[in-house]
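Asker: Sequence and predicted structure below; questions after.
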Amino acid sequence: MEYKKQLAGLRVAIVHDWLVGLGGGERVVQSLLKLFPQAEIYTSVYDPSKLRIFEGRKIHTTFLQHWPLALKKHQLYSMLRPLAFESLDFSGYDLVISTCSAESKGVITPSETLHIAYLFTPTRYYWSGYRDYIAEPGFGPLNPLARLILKKSIKGLRQWDFAAAQRPDEIVSISSEVSERTKKYYKRPSPVIYPPVDTDQFIGQSSGKDNYYLVLGRLISYKRVDLAVRACTKLGLELVVAGKGPEEPALRKIAGPTVKFIKSPSDQEVRDLYANCKAFIFPGLEDFGITPVEAMAAGKPVICYGKGGATEAVIDGVTGIYHSQQTVASLVEAIQKFEKTSFDEKEIIKRAKLFSEDRFLNELGGYVVGKISKKK
């Protein structure tokens, strides 16, 4: 990593939409801090009790930090986040990297500062996922009000979001799927640098027990965990659903006796869950999908929807099986096909290694050096 010397002298800010729980986006920030240990972090709201991985870091928040329920229900303030991010001051920074799926790309930087947006997706609830959010906003009893507000304000919100996406000097997408969306919604080209996956912690963990299917992640509607629950219930197959989210009560209602829920697995429990599963089920239309790569690092095949970012990691018939439609019948057919198919664990692990953290740091580090040189 020869470029590290060139990056060490830069004053760097990393901007993230919100820091209230540990997910794939927060893992990206954690990796970026290895590339830029000198960086300061900016975000709309920050809950230190949920993110001890950032203890000791200098973290700047917006005026939303102390508003009621801001740490538990940051979604309530989505319409104020544009103003919150625009109010941040980045004077004196050489480089700003926004890691975003929402409003953080809209920060305003000085002309001499290089701003690179590492884009997880164009804001879902404005663009590709708008219909999903209208159907299920995720606010429980307040859903009718949330629908009304979003419908009334969507035109102005899309205009702001489009304008915000023009502010970064460069946009880098996490997958070809996201790059296509960026071109469609923001009218901007964006090279692809796949996000980092800590594959090393899962390699060699397989136990050979292989006695259940696994779903792991946030339980929200667009991830279509309901398909896995219904399919495994119909087939009478064991399924472990690990994670929490607003969909949990509905999923429990449709789950049969072969479905088990684990709400907040520890890191070790996650490793064990991957190690002992038959296969990982990933039925949503995703931006990329870090969890399927983690499962493959443990040597496990992935049964996934045959569209979207997951197909950039999972190879049909080699490291997993695709289901062609987001229906129970299609997923049932894919599971039945999986039961009759053999997979090479070494090939699966080899594929997972292509998405390692070292690869991410090398690619992004080289990209930043090239852009900094041109900026000068």
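Answerer: Noted; the coordinates are in hand. Residues are numbered from 1 along each chain as shown.
Asker: Quick check: chain neighbours aside, which residue is closest to Ser264?
Answerer: Lys244 (6.2 Å; Cβ to Cβ, 6 or more residues apart in numbering). Quick note: C-beta positions are derived from backbone N, CA and C, even for glycine.
Asker: try Ile53
Answerer: Ile53 sits nearest to Gln30 (Cβ to Cβ, 6+ apart), 5.6 Å away.
Asker: Which helix or strand contains the one you found?
Answerer: Using DSSP states H and E, Gln30 sits within helix 24-35.
Asker: Please spell out which residues along that helix are buried.
Answerer: Gly24, Gly25, Glu26, Arg27, Val28, Val29, Gln30, Ser31, Leu32, Leu33, Leu35 (16 or more other Cβ atoms under 10 Å).
Asker: Remind me what whichever helix or strand comes after it packs against, helices and strands.
Answerer: Next along the chain after helix 24-35, taking DSSP H and E as the criterion, comes strand 40-43. Packing partners of strand 40-43 (3 or more Cβ pairs under 8 Å, 6 or more residues apart in numbering; DSSP states H and E): strand 12-16, strand 59-60.
Asker: Which one, of the ones you listed, ends up nearest to Pro265?
Answerer: For the helices and strands packed on strand 40-43, the distance to Pro265 is smallest for strand 12-16, at 23.6 Å, taking Cβ to Cβ.
Asker: Okay, now the sheet partners of that closest one, with direction.
Answerer: In the sheet, strand 12-16 lines up against strand 40-43 (parallel), strand 95-100 (parallel) (DSSP bridges).
Asker: and Leu157, which of these is closest to it?
Answerer: strand 95-100 (15.1 Å).
Asker: any idea of the mean pLDDT in that closest one?
Answerer: For strand 95-100, mean pLDDT rounds to 98.
Asker: just checking, Arg81 touches Ser101?
Answerer: No - the pair Arg81 / Ser101 is not scored as a contact, 11.9 Å apart, by Cβ atoms under 8 Å.
Asker: Now do the shared contacts for these two.
Answerer: Asp17 (Cβ atoms under 8 Å, 6 or more residues apart in numbering).
Asker: before we move on, the earlier item: distance from the helix holding Gln30 to the middle of the chain?
Answerer: 12 Å (Cα atoms, centre = their mean, to the nearest Å).
Asker: now swap in stretch 366-376 and tell me
Answerer: For stretch 366-376, the distance to the chain centre is 26 Å (Cα atoms, centre = their mean).
Asker: Keeping just the C-alphas, turn the worst-scoring helix or strand of the chain on mean pLDDT into PDB.
Answerer: Least confident element among the helices and strands of the chain, by mean pLDDT, DSSP states H and E: helix 130-135 (a mean of 78). Taking Å, rounded to 0.1, in the frame of the first residue of the first chain, the C-alpha atoms of helix 130-135 are listed here in PDB:
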ATOM      1  CA  TYR A 130     -40.700   4.500  -3.300                       C
ATOM      2  CA  ARG A 131     -43.600   2.100  -3.800                       C
ATOM      3  CA  ASP A 132     -42.300  -0.200  -1.100                       C
ATOM      4  CA  TYR A 133     -42.100   2.600   1.400                       C
ATOM      5  CA  ILE A 134     -45.600   3.900   0.500                       C
ATOM      6  CA  ALA A 135     -46.900   0.400   1.100                       C
END
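Asker: tell me what it is packed against?
Answerer: helix 143-165.
Asker: Tell me the buried residues in the helix it packs on?
Answerer: For helix 143-165, burial by neighbour count (16+ other Cβ under 10 Å) applies to Ala146, Arg147, Leu150, Ile154, Leu157, Trp160, Asp161, Phe162, Ala164, Ala165.
Asker: Distance to Glu347 and pLDDT added to those, as JSON lines?
Answerer: Shown next, in JSON lines, are the buried residues of helix 143-165 (distance: Cβ to Cβ, whole Å; pLDDT from 0 to 100):
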{"residue": "Ala146", "distance to Glu347": "45", "pLDDT": "73"}
{"residue": "Arg147", "distance to Glu347": "46", "pLDDT": "79"}
{"residue": "Leu150", "distance to Glu347": "45", "pLDDT": "78"}
{"residue": "Ile154", "distance to Glu347": "45", "pLDDT": "85"}
{"residue": "Leu157", "distance to Glu347": "45", "pLDDT": "91"}
{"residue": "Trp160", "distance to Glu347": "46", "pLDDT": "95"}
{"residue": "Asp161", "distance to Glu347": "41", "pLDDT": "96"}
{"residue": "Phe162", "distance to Glu347": "42", "pLDDT": "97"}
{"residue": "Ala164", "distance to Glu347": "42", "pLDDT": "97"}
{"residue": "Ala165", "distance to Glu347": "38", "pLDDT": "98"}
